[in-house]
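K.L.:
Need the 3D shape of this:
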Amino acid sequence: MKAIEATNLSKTFRGKKGHVVEALKNLSFEIETGEVFGFLGPNGAGKSTTIKILMGLISSQSGEAKIMGHRITSSDARKYVGYLPENPSFYDYLTAEEYLAFVGENFKMTSSQVKESSDAVLELLELTDARKRSVRSYSKGMVQRLGIAQVLLHDPDVYILDEPMSGLDPLGRVLVKNIILDLKRRGKSVFFSTHITSDVETICDRVGIIAQGSLKSVEQVQSVLTKGVTGYRVRLSEKRDGAHFEDAYISKDKIVQFLADKARSGAEISLIEPERKNLEQFFLDIVQDK
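P.N.:
As a prediction, the model looks like this:
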C-alpha cells in the first residue's frame, strides 16, 4: 500500500480581471510507506496547492488522490494523517495543553492518552515551560513548534508538512530534522514541501521538483548527489615526512589513471574528495530548463 498516491491532479484559479492561473497540471506521484519525500519548488510553483488538495481543503478540477489506500474525499483518510499548514494559526486564547486536548478529542483519544502524548510532544518540542501560557504570547518559532506538536500528538502513519522549517531558528531547524529522521526510523511516511535544498539533502530519500504547476523530476537524493560528481580534489604528500602537500583537481574521467601514475611514482595520497553539483544546482538546472 502506498502512503500517498496522486494521479493527474489539475487545479486552476481565476485571478484578477478573469485571468486563469493553472496552479497544477496533471500532477502525479507516489510516496512509499516509510519514505521521506521532499517536495521542492520555487514560490508559486504549486506546492501548497497540492498539499491543500491532499488534505481536502480545496478540490481539484480533475484527477484523484489517496492516503493509505483511502480516497482523500473519505473521512477514513484523515485518521492516518498529521498535517502542518504553511502558516499555522490557533485559537490564541488557549494554552498549548488546552489546544492539544482539543486536537486529541477530535482524533477520539482518551483523556489519559492525550495527557501522556501531550507531555511527550511538549517536552520533545521544548514547550513544557510554556504549556500553560496562552498561544497569543508565543513567538513565531514557538507557534511553529506547537504546530509540529499537534501533528505528532495522535502518532499518525503519514505526515504532510507544508514548509515545516519556516520561522525556526537554527536550533529549531535541527530539532525538526531530527524528529523527521526519527519518524523515518519508526517506519512513518513524511511528505514535506520546502524551497530549502539543504533540508532535502540531509533528510529525504527522494525529491520531487515542481515548477509552474508541473512535476519536472522525481529522483533519489543520493542518486542526484552521486551523478553530480564532476571531479576529485586530491591531496598529495610528495615527501616521505609528509611535510609538503600539494592539492590537485582531477576530472572524473582521468582520476583512475592519475592515481595509478602517482602510485608508481611513490607519492602518498592523504585525501580524495569528490567535487559535485549539490542539490541546489540540480534544482536550478531543472527549474531553468537546463
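K.L.:
where do the helices sit along the protein?
P.N.:
Applying DSSP state H to the chain gives helices spanning 47-54, 96-106, 111-124, 140-152, 170-185, 197-203, 221-227, 255-265, 279-287.
K.L.:
So what touches the first one?
P.N.:
By that I understand helix 47-54. For helix 47-54, contacts defined as CB atoms under 8 Å, 6 or more residues apart in numbering pick out 4, 6, 9, 11, 23-24, 27, 39, 41, 58-60, 65, 67, 72, 83, 85-86, 160, 162, 191, 193, 210, 213. In this view, the C-beta of every residue, glycine as well, is placed from N, C-alpha and C.
K.L.:
And for stretch 94-103?
P.N.:
Contacts of stretch 94-103 (CB under 8 Å, 6+ apart): 90-91, 114, 117-118, 121-122, 127, 130-135, 146, 149-150, 153-154.
K.L.:
now swap in stretch 162-175 and tell me
P.N.:
For stretch 162-175, the external contacting residues (CB under 8 Å, 6+ apart) are 47-48, 51, 84-87, 125-126, 140-141, 143-145, 148, 176, 180, 192-196, 199.
K.L.:
Roughly how far does H19 sit from T12?
P.N.:
Using CB to CB, to the nearest Å, H19 is found at 10 Å from T12.
K.L.:
same deal with D169?
P.N.:
D169 is 38 Å from T12, where distance means CB to CB.
K.L.:
quick one: which of those two has more around it?
P.N.:
Using other CB atoms under 10 Å, the more surrounded residue of D169 and T12 is T12, with 15 against 11.
K.L.:
Could you tell me which residues make contact with the more buried one?
P.N.:
Neighbour list for T12: 20-23, 61 [criterion: CB under 8 Å, 6+ apart].
K.L.:
what sits opposite it in the beta ladder?
P.N.:
Beta-bridge partners of T12, counted by DSSP bridges, are E22.
K.L.:
can you start the count at 26 instead of 1 from here on
P.N.:
Noted, 26 is the first residue going forward, which turns the last one into T37.
K.L.:
mind showing which ranges of this structure have poor pLDDT?
P.N.:
Scanning the chain for pLDDT under 70 picks out 253, 263-270, 301-303, 315.
K.L.:
Give me the domain ranges for it.
P.N.:
Following automatic domain parsing, one gets these domains for the chain: 29-250, 256-301.
K.L.:
what about the longest one, start to end distance?
P.N.:
Which is domain 29-250. Domain 29-250 has an end-to-end distance of 25 Å (criterion: CA to CA, to the nearest Å).
K.L.:
got it, and stretch 183-195?
P.N.:
End to end - CA to CA - stretch 183-195 spans 25 Å.
K.L.:
buried sites along that stretch?
P.N.:
By neighbour count on 16 or more other CB atoms under 10 Å, the buried set for stretch 183-195 is 183-193.
K.L.:
Stretch 41-55: which residues count as buried?
P.N.:
Neighbour-count burial for stretch 41-55 flags 48-50, 52, 54 (criterion: 16+ other CB under 10 Å).
K.L.:
Adding distance to V281, write these out as JSON lines.
P.N.:
Putting the buried residues of stretch 41-55 into JSON lines (distance: CB to CB, whole Å) gives the following:
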{"residue": "A48", "distance to V281": "49"}
{"residue": "L49", "distance to V281": "46"}
{"residue": "K50", "distance to V281": "44"}
{"residue": "L52", "distance to V281": "42"}
{"residue": "F54", "distance to V281": "38"}
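K.L.:
Of all the domains of the chain, which one is nearest Q313?
P.N.:
Among the domains of the chain, the nearest to Q313 by CB to CB is domain 29-250 (9.0 Å).
K.L.:
who touches stretch 247-262?
P.N.:
In contact with stretch 247-262 (CB under 8 Å, 6+ apart) are residues 226, 232, 269-277, 280, 283-284, 287, 292-304, 306-307.
K.L.:
what distance separates the start and the end of it?
P.N.:
By CA to CA, the extent of stretch 247-262 from end to end equals 31 Å.
K.L.:
circling back: filter the contacts of stretch 187-200 down to the buried ones.
P.N.:
Among the contacts of stretch 187-200, those classed as buried by 16+ other CB under 10 Å are 72-73, 76, 109-110, 150, 168-170, 173, 201, 205, 217-220, 224.
K.L.:
OK, contacts around the nearest residue to L186 once chain neighbours are set aside?
P.N.:
The shortest distance from L186 to any non-neighbouring residue, by CB to CB, 6 or more residues apart in numbering, is to F217 (3.9 Å). If you count contacts by CB under 8 Å, 6+ apart, F217 has them with 61-64, 184-189, 205.
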